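K.L.:
Predicted model and sequence follow; I will ask about them next.
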Amino acid sequence: MSLVGKRINDKRRGYGTILEIKPGKAIVSYDAEDIPDKEVPLKYIKDKKLVTIFEDPIVRKPEDFDKNSKPLNFNNLAYLGFLDDFYDLYSKLIKYNDTIFEEAEQENRCPSLTYYKKLDNSVIDEITKPFFEKYSYLFADPPYIITPKYDNEDLVNFKLYRIDNQRSSPDIKMVRLQFTSFLDKLYNVVFFTLMRDDSNQFITSNSERDFKRLNEHIFAEFEKAASVIHSNSVNIKELDKPIYIFDMLSNTVCSREKHNVSTVRVYVPKLSDLSKIDLPVHYCEDCQRYMIGRHTLSQFDKAYKKILVRRIKMDDPDSVFSEFDLESMLHQYGYNVVEGELTEDERHELLAMLLDTGKMTNFEICSRIEQNLNLFQGRPGYESAAAKWSDDLLFLETYVQR
């Protein structure tokens, strides 16, 4: 593979482009106007310690889907940009189920006796109808499945509390389904709803065959969506703004006030090597800001070992650190000293990347850490945090002198 034309990140001189390859050397043109073209030893590029090559953006191809897995899983839905909608449906149904279950608890010592009876199918239909209208193409395959009728009584199967069979106690306890289990339930509800005719009779005689057909249809639709993403990859722009994180898209101001929100894809760098991946986000034309669901971003972090992007939580949870500026730029990029989160190596890698990419200066980073240290050093409960801040300042001092 030719290196000519490749973009690089030189930790000493910044960004540049490889113009020519000579024996043992690469001629690099640097972006900074005050740096002339330089010869860079190829060994520096190969060992990736001083010079990192920006690889072509990572864009999933249609054939990359694992068809031996369940189609409705976190990975598939997150990549295609569907996960936020699926989690939104789950949250709405959970809210309704919670209300009904609380009423059942107040009326009966054994709520399982009345909970199922109190669920109102018309309410469930109202919650689910917009979702199924949007994703009907994903589930309905006209050649072998009748036109989906999502308003029949099968939808009452969206009861999201179940009896806890793990308890040895004679008392019956109900537990709430988690999101992963909900995806399985959603698939089953869709299947058994589609497999009924107008008289509510099953039209399938071979469930294994029809499950396979439905899976094939869903994966075919996934591949179509991935093909569109792949063909448009050259037009995807790099994210140059913070990204706002929400739990439910329908709970955002943009959704409630019916702003013009569209789903787009942007390139973001991986923290480990700064190669780019494409990320599905929501863009609000009215607010001019990018948004993403917490679960979708978490899935990409998990798949690509953390991505380098400024993150702003729409509703920050209470934290022992909430009294100091949680919305500082350093924190938005993911830096924190909370116990059990970033390791020392991960913190140092993040700080180095922020410096190397020019997203923050050494002065900006050190000023923020020193401010936190001055505010909290000596306070009970902050001993570990103060030690980490001191260690990170020492790392920065050493790193910038390399």
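P.N.:
Now that the structure is in, tell me what you want to look at. This one's a predicted model, so the numbers in the text were calculated from it and none came from an experiment.

K.L.:
ok, H217 to N73 distance?
P.N.:
Distance, H217 to N73, by C-beta to C-beta, to the nearest Å: 16 Å. C-beta: built from backbone N, CA, C; applies to glycine.

K.L.:
Which of those two has more residues huddled nearby?
P.N.:
The neighbour comparison of H217 against N73 (other C-beta atoms under 10 Å) goes to H217, with 19 against 15.

K.L.:
Now find how far off-centre the host helix or strand of the more buried one is within its chain.
P.N.:
Assessed by DSSP states H and E, H217 sits inside helix 207-231. Using C-alpha atoms, centre = their mean, to the nearest Å, the mean C-alpha position of helix 207-231 is found 22 Å from that of the whole chain.

K.L.:
same deal with stretch 247-258?
P.N.:
Centre-to-centre, stretch 247-258 and its host chain are 17 Å apart (C-alpha atoms, centre = their mean).

K.L.:
buried sites along it?
P.N.:
For stretch 247-258, burial by neighbour count (16 or more other C-beta atoms under 10 Å) applies to D247, M248, L249, T252, C254, S255.

K.L.:
which two from those residues end up farthest apart in space?
P.N.:
Pairwise distances across the buried residues of stretch 247-258 (C-beta to C-beta) peak at 13.9 Å, for the pair D247 and C254.

K.L.:
which residues do the two both contact?
P.N.:
Counting by C-beta atoms under 8 Å, 6 or more residues apart in numbering, no residue touches both D247 and C254.

K.L.:
What residues does the nearest residue to L113 once chain neighbours are set aside make contact with?
P.N.:
Leaving aside its chain neighbours, L113 sits nearest to A104 (7.9 Å; criterion: C-beta to C-beta, 6 or more residues apart in numbering). By C-beta under 8 Å, 6+ apart, the residues touching A104 are P111, S112, L113, T114, Y115, K118.

K.L.:
Could you identify the helix or strand that succeeds the helix or strand where A104 lies?
P.N.:
Secondary structure assigned from DSSP H and E places A104 in helix 83-107. Counting by DSSP H and E, the next helix or strand C-terminal to helix 83-107 is helix 112-118.

K.L.:
buried ones in the helix or strand following that next one?
P.N.:
As assigned by DSSP H and E, the chain's next helix or strand after helix 112-118 is helix 121-139. By neighbour count, with 16+ other C-beta under 10 Å as the criterion, the buried positions of helix 121-139 are I124, D125, I127, T128, F131, F132, Y135, L138, F139.

K.L.:
domain ranges for the chain?
P.N.:
Segmentation of the chain into domains, based on automatic domain parsing, reads 7-53, 74-226, 236-315, 326-402.

K.L.:
Just put those domains in JSON lines and tack on distance to K67.
P.N.:
Shown next, in JSON lines, are the domains of the chain (distance: least, C-beta to C-beta, whole Å):
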{"stretch": "domain 7-53", "distance to K67": "33"}
{"stretch": "domain 74-226", "distance to K67": "6"}
{"stretch": "domain 236-315", "distance to K67": "18"}
{"stretch": "domain 326-402", "distance to K67": "34"}
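
K.L.:
D64 contacts S227, doesn't it?
P.N.:
No - contact criterion C-beta atoms under 8 Å: D64 and S227 do not qualify, at 11.3 Å.

K.L.:
Now do the contacts for D10.
P.N.:
D10 neighbours (C-beta under 8 Å, 6+ apart): G16, V28, Y30, V40, L50, V51.

K.L.:
If we use 10 Å, what do you get?
P.N.:
Applying C-beta atoms under 10 Å, 6 or more residues apart in numbering to D10 gives the contacts G16, V28, Y30, I35, K38, V40, Y44, I45, L50, V51, T52, D356.

K.L.:
Which single one of the residues you listed is nearest to L350?
P.N.:
Of all the contacts of D10, L350 sits closest to D356, with 10.8 Å by C-beta to C-beta.

K.L.:
How about that closest one: what's its closest non-neighbour residue?
P.N.:
Among residues not flanking D356 along the chain, K11 sits closest, at 5.5 Å (C-beta to C-beta, 6+ apart).

K.L.:
quick one, helices of this protein?
P.N.:
Secondary structure of the chain (DSSP state H): helices located at 42-47, 74-80, 83-107, 112-118, 121-139, 179-194, 207-231, 253-256, 294-304, 329-332, 344-356, 362-376, 383-400.

K.L.:
related to what we said a few turns ago, in the helix holding H217, which residues are buried?
P.N.:
Within helix 207-231, the residues that count as buried by 16+ other C-beta under 10 Å are 210, 213-215, 217-219, 221-223, 225-226, 229-230.

K.L.:
That helix relative to helix 121-139, how many degrees between them?
P.N.:
Put simply, helix 207-231 runs at 70 degrees to helix 121-139, going by axes from the mean of the first three to the mean of the last three C-alpha atoms, to 10 degrees.

K.L.:
Averaged pLDDT, helix 207-231. What do you get?
P.N.:
For helix 207-231, mean pLDDT is 84.

K.L.:
and what of stretch 331-349?
P.N.:
Mean per-residue pLDDT for stretch 331-349: 88.

K.L.:
One more: stretch 302-313?
P.N.:
Here the average pLDDT along stretch 302-313 is 84.

K.L.:
end to end, how far does stretch 372-381 reach?
P.N.:
Length of stretch 372-381, first residue to last, C-alpha to C-alpha, to the nearest Å: 14 Å.

K.L.:
How far does it sit from its chain's centre?
P.N.:
Relative to its chain's centre, stretch 372-381 lies at 33 Å (C-alpha atoms, centre = their mean).

K.L.:
list the buried ones in that stretch?
P.N.:
By 16+ other C-beta under 10 Å, the buried positions in stretch 372-381 come out as N372, L373, F376.
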